[in-house]
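**Q** what shape does this take:
(one chain, ligands or ions: 1)
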Amino acid sequence: MTDAVITLSSEEAGRLLQEQLKRWPLAAANYHALRLVETRSYDLGGFTIRTQYNPARIVSSGAKTDAKSIEKRPCFLCLHHLPKEQIKLSFRFGEEYLLLCNPYPIFSEHFTIPSVAHQPQEITSRLEDFLRISRALDKYTLFYNGPKSGASAPDHAHFQAVSSYEMPLDGEIDTIQTSRERILIDTEEGSLSLLTHYVRNGFVIRTKSLEQAKRFFYLLCNVAGKGEEPDMNLFCRYRNEMWQIVLILRKAHRPWQYAAQGEEQILTSPGAADVGGLFITPRREDFDKITVAVLRDIYGQVCYNDAEIAEFRDKIMANWHNIKNKP
Ligand SMILES: [Zn+2]
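**A** Down below sits the predicted model:
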């Protein structure tokens, strides 16, 4: 049973968080601790990666997400397994979702939005829900981790909504348009750009039209996924009646350092937050080990480099030409 059915809005989310901080000591302690976490900023040449030493996140970064481990554990996003202190607000966009306060935050406001049904993590059938949720939560950044791209529950569909501008990506995407973005397709209904020279490269969609957002998104999925959902982290903000969607393609789930032994090990499972430029290290020794070179190495392993991402360009243009010329 959920606690209430709501009309989703930023105000509703803000109220939920305040209520949870009053009623849930674990959440209150973790949000308080977040205000004291250590961070460091690294300049990667015109853009920033910020590291966050956050011991409470060991539950996520260290989570085993292989099929066998997933099968054995109770699903922590299913309604009947949620802690009793958790307020469970439900809403419907296409299908039924829950709005939940994340008790292990990386952001000063951090929500998890699972579907009520226990279904595998995937975006292709839920893109419209994702866009509508983003429009309703217009104060926040909505993101999605592919099942092999940082999701700690690959077996249960979910999104996350977080305070905007805490990931460097949010601010940078507004200002780096000219230097790192190349417009591929520009129509009256919106644009699709290539994002390069950013260590985690991908695509940016800007549009006021839900239909156009879907058209561009599925075009990218067709080109990059060859019939399947490509591994990705997806970000979305809705401002001034416009969606701004950033799709970062992923090459690998984790860097080799994750499984290394001793000195060489760095416990990181990069997800959307890390790809958004907020690099989480739950262990002190890893936080101290980070340098610009280490960051470039890790992002280089899990994301596409400039040349690799540019290779998608011709296929995108050819596919777009076909779509456009369809009656
Ligand atoms: Zn579940």
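**Q** residue 90 belongs to a helix, doesn't it?
**A** No: secondary structure of residue 90 (DSSP: H, G, I helix; E, B strand; the rest coil): strand, not part of a helix.
**Q** surely it meets residue 82?
**A** No: counting by CB atoms under 8 Å, residue 90 stays clear of residue 82, with 11.8 Å between them. For glycine as for every other residue, the C-beta is placed from the backbone atoms N, C-alpha and C.
**Q** chain center to stretch 231-240, what's the gap?
**A** Taking CA atoms, centre = their mean, to the nearest Å, the mean C-alpha location of stretch 231-240 is offset from the chain mean by 8 Å.
**Q** swap in stretch 245-255?
**A** 10 Å.
**Q** next, the distance between the ends of it.
**A** Length of stretch 245-255, first residue to last, CA to CA, to the nearest Å: 25 Å.
**Q** quick one: mean pLDDT for that stretch?
**A** Regarding stretch 245-255, the rounded mean pLDDT is 96.
**Q** cool, stretch 116-132 as well?
**A** Mean predicted confidence for stretch 116-132 is 96.
**Q** when you give positions from now on, start the count at 728
**A** Got it, first residue is 728 now, which makes that one stretch 843-859.
**Q** who touches it?
**A** If you take CB atoms under 8 Å, 6 or more residues apart in numbering as the criterion, stretch 843-859 is touched by 729, 802, 804-806, 817, 820-825, 842, 869, 871-874, 878, 880-886, 937, 940-941, 944-945, 948, 956, 959, 961, 963, 965, 970, 972.
**Q** quick check: which of those residues are also close to the ion?
**A** Applying CB under 5 Å from the ion to the contacts of stretch 843-859, one finds that 802, 804, 805, 883 fall near the ion.
**Q** burial measure for the nearest residue to the last one once chain neighbours are set aside, as a count.
**A** The reference is to residue 883. In this structure, residue 883 finds its nearest non-sequential neighbour in residue 804, 4.1 Å apart by CB to CB, 6 or more residues apart in numbering. Residue 804 is flanked by 21 other residues according to other CB atoms under 10 Å.
**Q** go on, residue 830?
**A** Residues contacting residue 830 under the criterion other CB under 10 Å number 21.
**Q** one more: residue 738?
**A** Neighbourhood size, residue 738 [other CB under 10 Å]: 11.
**Q** need the pLDDT of it.
**A** So residue 738 comes in at 98 (pLDDT).
**Q** got it, and residue 1052?
**A** Residue 1052 carries a pLDDT value of 73.
**Q** got it, and residue 789?
**A** We have a pLDDT of 60 for residue 789.
**Q** try the one 4 residues further on
**A** Per-residue confidence for residue 793 comes out at a pLDDT of 72.
**Q** dihedrals phi and psi, residue 759?
**A** phi -70, psi -50 (degrees, to the nearest 10).
**Q** can you give me phi and psi for residue 996?
**A** Per-residue torsions, residue 996: phi -120, psi 80 (degrees, to the nearest 10).
**Q** that one: how many residues sit nearby?
**A** Quick note: residue 996 (other CB under 10 Å) scores 23 neighbours.
**Q** and for residue 775?
**A** 14.
**Q** likewise for residue 1005?
**A** 23.
**Q** re earlier: report the buried members of the ones next to the ion among the contacts of stretch 843-859.
**A** 804, 883 (16 or more other CB atoms under 10 Å).
**Q** farthest pair in the ones next to the ion among the contacts of stretch 843-859?
**A** 805 and 883 (6.7 Å; CB to CB).
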